[in-house]
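Colleague: Give me the fold of what follows.
(one chain, ligands or ions: 2)
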Amino acid sequence: MAFPNAVDSSQELLDPQSHVWNLIYNYISSMSLKSAIQLGIPDAIHKHNNPITLSQLADALSINKAKSHALFRLMRILVHFKIFDKVNISNDEDEDEEEAYSLTRASRLLVRDEPLSFTPLALVAIDAIMVDPFHHMAEWFKDASPTPFFTRNGINMWEFGANDEGWNKLFNEGMSSDSQFVSSILVKECKHVFEGLKSVVDVGGGNGVVAKAVAGAFPGLKCVVLDLPQVVAGLEGSENLRFVGGDMFEFIPPADAVILKWIIHNWSEEDCVRILKKCKEAIGGGKVIIVDMVVDYEKQEQNAIQTQLCFDVLMMTVMAGKERTEKEWADLFSSAGFQNYKITPILGLRSVIEVFP
Ligand SMILES: C[S@@+](CC[C@H](N)C(=O)[O-])C[C@H]1O[C@@H](n2cnc3c(N)ncnc32)[C@H](O)[C@@H]1O
Ligand SMILES: O=c1cc(-c2ccc(O)c(O)c2)oc2c(O)c(O)ccc12
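Modeller: Ligands and ions are numbered 1, 2, ... in the order given. Presented below is the predicted three-dimensional model:
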């Protein structure tokens, strides 16, 4: 039986099949990366100090020798995705060359001892429990739940974290590793954002990584971290840093500035206006410092748009949040009574947005 739309050649079938298969099986790239991180491959290569051969890598990881070729195939896909490099080495003059693996700038950031490592974030994002809500997205489109996370678990993400210490720890460690990464750039490239401030509150500041970095870079600055009680429980402050357990929808301690890193994208327009109005009460004539994505579907390069779109669906799935375009940000600020804002695209996929009452 002929296809409804006459197909001139098989290629007109095979090309779309290849395109859809690429998307269907893309999760295997993430799972291969997860396996490499769990096995400690970046750490083993780093520790070896030189490019490492497959057999040296298998020995370093105590991998069953019968699975050496499987390790070769895992490394092959990760070299394809430029997570690792493959080079040819020879130990002395007459010996044949042998293939070996080295780190790239990407995998160097997955070495656990690397101060800016975002391995904890990677393990949060691809953790089996974390990914589970995505299997309920289609169901969610037809139910009354606020998110697929709620459809799957019957409670929202923060309540889930309050009830599951292990999940809460995993999530907060993931966030902290990203904050370590972002803070290193913030205090180096964005000093002007903090200069002149006498006090700052990091709202939803988690384990306090950003606040600690800012407090360290600006010793005269009084820093407060406001987060849920289960997040700040037991966390020690310092001379110019203290932790406060509370609810940002109820009260934000007064300060010259409020930091909101990866907060606004967690929430709906309505909740964001509530948060920003509380921030406005807290800062008086000061400012809000937001670290989040500003999505530009036209101007950005394809990889950045793809990652930002994935984050947008992630926020829809876990938190009823979203990633926003500049116009959406501007509308939000206006609805919350702010008069002006300045976007500094200094963090790659994310920007620093200063908002003024
Ligand atoms: C995505 S995490 C970002 C954490 C941190 N700002 C960072 O970027 O690493 C969102 C944070 O908001 C906190 N949070 C959620 N609801 C909150 C509320 N009602 N009041 C204060 N903090 C809240 C969470 O506990 C979590 O630490
Ligand atoms: O990488 C992240 C992952 C998640 C996350 C949470 C629960 C899940 O079930 C899940 O599949 C993913 O949440 C984030 C978030 O809320 C942010 O604000 C920023 C980054 C992340």
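Colleague: what about Val288, helix or strand, and which?
Modeller: Assigned by DSSP states H and E, Val288 belongs to strand 287-292.
Colleague: Show the average pLDDT along that strand.
Modeller: What strand 287-292 shows for mean pLDDT is 98.
Colleague: on contacts alone, who are the packing partners of the helix or strand just after it?
Modeller: Later in the chain than strand 287-292, the nearest helix or strand by DSSP H and E is strand 294-295. On a contact count with 3 or more C-beta pairs under 8 Å, 6 or more residues apart in numbering; DSSP states H and E, strand 294-295 meets helix 302-318, strand 324-325, strand 350-356. C-beta coordinates here come from the backbone N, C-alpha and C atoms, glycine included.
Colleague: does ligand 2 sit close to the first one?
Modeller: Right, the one you point to is helix 302-318. Yes. Counting by C-beta under 6 Å from any ligand atom, ligand 2 has neighbours in helix 302-318: 314, 318.
Colleague: So what touches that helix?
Modeller: 125, 130, 133-134, 137, 147-149, 157, 265-266, 293, 295, 297, 300, 321-323, 348-349 (C-beta atoms under 8 Å, 6 or more residues apart in numbering).
Colleague: With stretch 249-259 instead?
Modeller: The contact list for stretch 249-259 (C-beta under 8 Å, 6+ apart) reads 194, 197-203, 205, 210-211, 214, 222, 224, 226, 244, 271, 274-275, 278-279, 281-284, 286-289, 291.
Colleague: ok, which of those also contact ligand 1?
Modeller: Applying C-beta under 6 Å from any ligand atom to the contacts of stretch 249-259, those adjacent to ligand 1 are 205, 226.
Colleague: Neighbours of Pro345, how many?
Modeller: 13 (other C-beta atoms under 10 Å).
Colleague: ok, it to ligand 1 distance?
Modeller: 18 Å (C-beta to the nearest ligand atom, to the nearest Å).
Colleague: And Leu61, by the same measure?
Modeller: For Leu61 relative to ligand 1 (C-beta to the nearest ligand atom), the value is 31 Å.
Colleague: now do Gln38
Modeller: 23 Å.
Colleague: burial count for that residue?
Modeller: Residues lying near Gln38 (other C-beta under 10 Å) number 11.
Colleague: what residues are up against it?
Modeller: Contacts of Gln38 (C-beta under 8 Å, 6+ apart): Leu123.
Colleague: For ligand 2, see how far away it is.
Modeller: Computed as C-beta to the nearest ligand atom, the Gln38 to ligand 2 distance reads 17 Å.
Colleague: Over to Glu95?
Modeller: Plainly put, Glu95 is 45 Å away from ligand 2 if you go by C-beta to the nearest ligand atom.
Colleague: What is the neighbour count of that residue?
Modeller: Neighbours around Glu95, by other C-beta under 10 Å: 9.
Colleague: do the same with Met137
Modeller: Neighbours of Met137 (other C-beta under 10 Å): 16.
Colleague: need the contact list for it.
Modeller: Applying C-beta under 8 Å, 6+ apart to Met137 gives the contacts 148, 317.
Colleague: Tell me the pLDDT of it.
Modeller: So Met137 comes in at 98 (pLDDT).
Colleague: before we move on, what SS does it have?
Modeller: helix (DSSP: H, G, I helix; E, B strand; the rest coil).
Colleague: From Asn22, how far off is it?
Modeller: 20 Å (C-beta to C-beta, to the nearest Å).
Colleague: circling back: could you identify which of the helices and strands packed on strand 294-295 is most buried?
Modeller: strand 350-356 (a mean of 21; mean count of other C-beta atoms under 10 Å).
Colleague: List the pairing partners of it within its sheet, with orientation.
Modeller: Here strand 350-356 has these sheet partners by DSSP bridges: strand 287-292 (antiparallel), strand 340-347 (antiparallel).
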